[in-house]
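S.K.: heads up, no residue letters with this:
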């Protein structure tokens, strides 16, 4: 067990190294001179020199990379170039909780909806409920999240005026109720697509499990369908769902950009997109690095928890 | 757990299976798929056409018809609830009954007038689908999958439109100087010059959707081709030679996959610069999408290669003196290509959404040149969305249908060509 975890942890070092290298390389790929791209063509000569040295472009490549990496490891991601100038870290620290809350709520809601519906669907494959759920899920997989977001906004915020249509209220500013109210529509527009994916996955896994001998034994002993579904079949069927939910959580931390943009939420994705539009490279680099690292770490956590959940893996090797 | 030490085996398989057979009733459930039938199909066709006519032309009675249709749905639900009640399925019956009452209340006092046209047209489309389904099944047998074939038809239409957009009789799609005399924000009206309406700059939404298809489809197709060729080759090499090459390739794909796709795409486009011309957009966004999708292709092709490299025909080729190059490209590639290609449809669907997301965020092709993403973005402000919901909805529906069709066709292709479902 400890060995498995240790190997898994060791493996992320080269991945993180390559990730940081890739992120750093971004700026050297900018065609032409980055400082001209940032400031435009009619800034003063001193400004060009200032930005150039802020970006560290006046030093050799390897020295720049290692000093950047060293700073990044210590938590210093530099300052952004365009006003209002502040440290990249402070900007991202403000944005990160928003993205995390969005992603967490969305995954939670998706699991809450998809687990019961997958169980009902898998109990009678080919029945009316199963067909409805399966075809709805298939359709939802094909709906881009921005389209779904616009539809929800149109229906709930603009037509029926049940919920606020956008912008974020932090828990520290407006309390939990206001915060959740403003989170409903964004979370729904992320969650519904995930519900579709989760339901399909769990339904198929459950159907495979229901063919197993121990389910047959439970049925023969006269267990109720509810007992069979919740107590016997769910746990062995849930491994791929747990993996997928974890991966989705990691993906959503950066991947909620669209919804953040649509509803005006100050998450990490929105910060990166705004910086990308203004060519504020240090901010883009910092944001991308943080998102990628969070994703890698969450994936490792899933792998480890997988070993904890599944006794077969715990005893053997991955 | 090995099959031999399960509790059922220990308890005596025959007894258990016999008991289970008694409990579950045994046997497969009767298939509920509709059968082909000409009179039924013709009836549905007539009802569908009448409803379509009412929904699109007869504005006076459309609300009444819509309320009636919702009422019929309520009655159907109530009937199902009654059936369940007789069958002792109390929980299901109660849920259905509550639903039926809710729908009935909606039909009588709900704000049906807001959505009456939508209700009638949707009902009409449902009946038309049933009509096509029933009649096509008479022709082609009961196994005919109408939904899948309609997806093929839609893909054909959209590809045809994208290729021949220049010669089709479409209104202006991007030059705002030519549309000064055209009313802006016109609502969709199928019998006018602008069947799907116009946007804020009086540009025709149908024309823009068709030209937008050019960008979306070409970008996605370009990206998939590149990722198939590069990713497929790298994956085959890694899966065939194994060793250090496999380790390095695995590390690099893991690292690229560590970036969420959209964020990576945004970063790439930031660096490459926002495209202004269509060809530029296809190359730049396409290159970005290719980079994002190559790792997936590498994994797929590697997983498939691993399987085929163990097979006898590879061994026999090698023992006849074939070199590695020949084995990879003449023996393994033909086998790996099919599952990869069938997966490509689903990747195209994902990439169309990714391209749309990028344009939606304002990092794709610059408006007024149309892409589906930037067309949807035009309608995202609250005031536009509330007053003219058709502006984002028209490209949105076109995009949804296209992505849905690619997904559906992809599923079909995978079940046909990739029964083994290689682990990615």
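M.R.: Sure, I can see it. If you're wondering where the values come from, they're calculated on a predicted model, not measured in any experiment.
S.K.: which SSE is immediately downstream of the helix or strand containing residue B:77?
M.R.: With secondary structure defined by DSSP states H and E, residue B:77 is part of helix B:62-86. Downstream of helix B:62-86, the first helix or strand assigned by DSSP H and E is helix B:90-109.
S.K.: mind giving me the packing neighbours of that next one?
M.R.: If you count contacts as 3 or more C-beta pairs under 8 Å, 6 or more residues apart in numbering or on different chains; DSSP states H and E, helix B:90-109 packs onto helix B:62-86. Bear in mind the C-beta positions are built from the backbone N, C-alpha and C, glycine included.
S.K.: and the helix it packs on with helix B:90-109, angle?
M.R.: 160 degrees (axes from the mean of the first three to the mean of the last three C-alpha atoms, to 10 degrees).
S.K.: buried set for helix B:62-86?
M.R.: By neighbour count on 16 or more other C-beta atoms under 10 Å in any protein chain shown, the buried set for helix B:62-86 is B:62-63, B:65-67, B:69-71, B:73-74, B:77-78, B:80-81, B:84.
S.K.: show me the residue sitting in the middle of chain A in space.
M.R.: residue A:252 (1.7 Å; C-alpha atoms, centre = their mean).
S.K.: so what's residue B:388 up against?
M.R.: Contacts for residue B:388 (C-beta atoms under 8 Å, 6 or more residues apart in numbering or on different chains) come out as B:185, B:187, B:197, B:379.
S.K.: gap between it and chain A?
M.R.: Distance of residue B:388 to chain A, given as C-beta to the nearest C-beta, to the nearest Å: 11 Å.
S.K.: may I have the phi/psi pair for that residue?
M.R.: phi -130, psi 70 (degrees, to the nearest 10).
S.K.: which secondary structure elements does the helix or strand harbouring residue A:5 sit against?
M.R.: Using DSSP H and E, residue A:5 falls within helix A:2-28. Helix A:2-28 sits against helix A:61-73, helix A:281-309, helix B:243-258, helix B:261-272, with contacts defined as 3+ C-beta pairs under 8 Å, 6+ apart.
S.K.: need the longest helix for chain A.
M.R.: Determined from DSSP state H, the single longest helix within chain A is helix A:171-210.
S.K.: residues near residue A:114, how many?
M.R.: By other C-beta atoms under 10 Å in any protein chain shown, 26 other residues sit near residue A:114.
S.K.: residue B:44 and residue B:127 touch, don't they?
M.R.: Yes: under the criterion of C-beta atoms under 8 Å, residue B:44 makes contact with residue B:127 at 4.8 Å.
S.K.: the residue in the stretch 301-424 of chain B that chain A sits nearest to: what secondary structure?
M.R.: Residue nearest to chain A within the stretch 301-424 of chain B (C-beta to the nearest C-beta): residue B:404, separated by 3.8 Å. Following DSSP: H, G, I helix; E, B strand; the rest coil, residue B:404 is assigned to helix.
S.K.: how about it: what's its closest non-neighbour residue?
M.R.: With C-beta to C-beta, 6 or more residues apart in numbering or on different chains as the criterion, residue B:404 has its nearest non-adjacent residue at 3.8 Å, and that residue is residue A:142.
S.K.: how about that neighbour, phi and psi?
M.R.: Residue torsions, per degrees, to the nearest 10, at residue A:142 are phi -90, psi 0.
S.K.: what's around the closest residue to residue A:229 other than its chain neighbours, how many residues?
M.R.: Nearest non-adjacent residue to residue A:229, counting by C-beta to C-beta, 6+ apart: residue A:119, 4.8 Å away. Residues contacting residue A:119 under the criterion other C-beta under 10 Å number 21.
S.K.: equivalent analysis for residue B:244, please.
M.R.: 8.
S.K.: separation between it and chain A?
M.R.: Residue B:244 is 13 Å from chain A, by C-beta to the nearest C-beta.
S.K.: check contacts around that residue.
M.R.: Counting by C-beta under 8 Å, 6+ apart, residue B:244 has no contacts.
S.K.: same question for the one 5 residues further on.
M.R.: Neighbour list for residue B:249: B:234-235, B:237-238, B:298, B:302 [criterion: C-beta under 8 Å, 6+ apart].
S.K.: do you know how far it is from residue B:158?
M.R.: Computed as C-beta to C-beta, to the nearest Å, the residue B:249 to residue B:158 distance reads 36 Å.
S.K.: and if you look at residue B:299?
M.R.: Taking C-beta to C-beta, one finds residue B:299 at 30 Å from residue B:158.
S.K.: please apply the same query to residue B:40.
M.R.: Distance from residue B:40 to residue B:158, by C-beta to C-beta: 30 Å.
S.K.: in the stretch 1-150 of chain B, where is pLDDT below threshold?
M.R.: B:1-34, B:112-114 (pLDDT under 70).
S.K.: and for the residue nearest to residue B:254 when sequence neighbours are not counted, the neighbour number?
M.R.: What sits nearest to residue B:254 in space, not counting adjacent residues and going by C-beta to C-beta, 6+ apart, is residue A:15, at 5.1 Å. By the criterion of other C-beta under 10 Å, residue A:15 has 23 neighbours.
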